[in-house]
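Undergrad: Quick check, what structure comes out for this input:
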Amino acid sequence: MTTLRRTLAAAAVFAVAGGTAALTATSANASPAETPFCTDADVTVTATPATDHASGHHADVLHYSAATPNTHCTLSGAPYNTVFYDNANAPLGVPTTSDSSEGAPDVLIDATHTASSYVIIPTTTEPGPNSVKALEMHLPSDASRTPIGVYWPGNDLTTSAHFSVITQD
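TA: Model prediction:
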């Protein structure tokens, strides 16, 4: 009977030690790659004019922040399927391009981490749309595949717009 108690006690110690080791290994192996991709519900996007820009261009900055204090997700790449709208909510037909998202770094969006990207617009003498109200776009790696609407900060759109890869602030 004593041998049976010792065997059961030893088995219990090994089970607890093994369970703790497995739990520790699982926690240690968690990586940022396991952070879910952001959806439209996770991120708030705002636009502001950029203070600096390349010669022959001007830019606006898209700011990405957590929609709630509990948001914890990643973005990787550039916005896509971008469409500008006028005051009557009609698409303006402005051609847009985006940087390649291949090899883009993951950026974290949560209560303490934000990100940004640029909308680069050529400076031209050709008139652009005279009333730009909003931008609709898809987030890169958006699991929901639902577009986000962004209020546009002015009428600075000309003949085209280029969207850069999102970077961590």
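Undergrad: need the contact list for the residue nearest the centre of the chain.
TA: The chain has L75 as the residue nearest its centroid, 3.3 Å off, counting by Cα atoms, centre = their mean. Neighbouring residues of L75 by Cβ atoms under 8 Å, 6 or more residues apart in numbering: F37, C38, V43, Y64, D106, V107, I109, A115, L139, P140, S141, I166. In this view, the C-beta of every residue, glycine as well, is placed from N, C-alpha and C.
Undergrad: Among those residues, name the ones in strands.
TA: Of the contacts of L75, the ones assigned to strands by DSSP state E are V43, Y64, V107, I109, A115.
Undergrad: Please identify which pair of these lies farthest apart.
TA: V43 and V107 (10.7 Å; Cβ to Cβ).
Undergrad: joint contacts of these two?
TA: In contact with both V43 and V107: Y64, L75, using Cβ under 8 Å, 6+ apart.
Undergrad: more crowded one of those two?
TA: V107 (23 against 20; other Cβ atoms under 10 Å).
Undergrad: Quick check: that one touching S116?
TA: No: if you go by Cβ atoms under 8 Å, V107 and S116 don't touch, sitting 9.2 Å apart.
Undergrad: Quick check: neighbours shared by the two?
TA: Residues touching both V107 and S116 by Cβ under 8 Å, 6+ apart: Y64, I166, T167.
Undergrad: From these, pick the one nearest T71.
TA: Lowest distance from T71 to the shared contacts of V107 and S116 (Cβ to Cβ) belongs to Y64, with 10.6 Å.
Undergrad: residues in contact with the residue lying closest to that closest one once chain neighbours are set aside?
TA: Take Y64 and drop its neighbours on the chain: the residue closest to it by Cβ to Cβ, 6 or more residues apart in numbering is A115, 4.4 Å away. By Cβ under 8 Å, 6+ apart, A115 lies in contact with H63, Y64, L75, V107, L108, I109, I166, T167, Q168, D169.
Undergrad: V43 too?
TA: With Cβ under 8 Å, 6+ apart, V43 has these contacts: Y64, S65, A66, A67, T71, C73, L75, I109, L139, I148.
Undergrad: Give me the local confidence score for it.
TA: For V43, the model assigns a pLDDT of 94.
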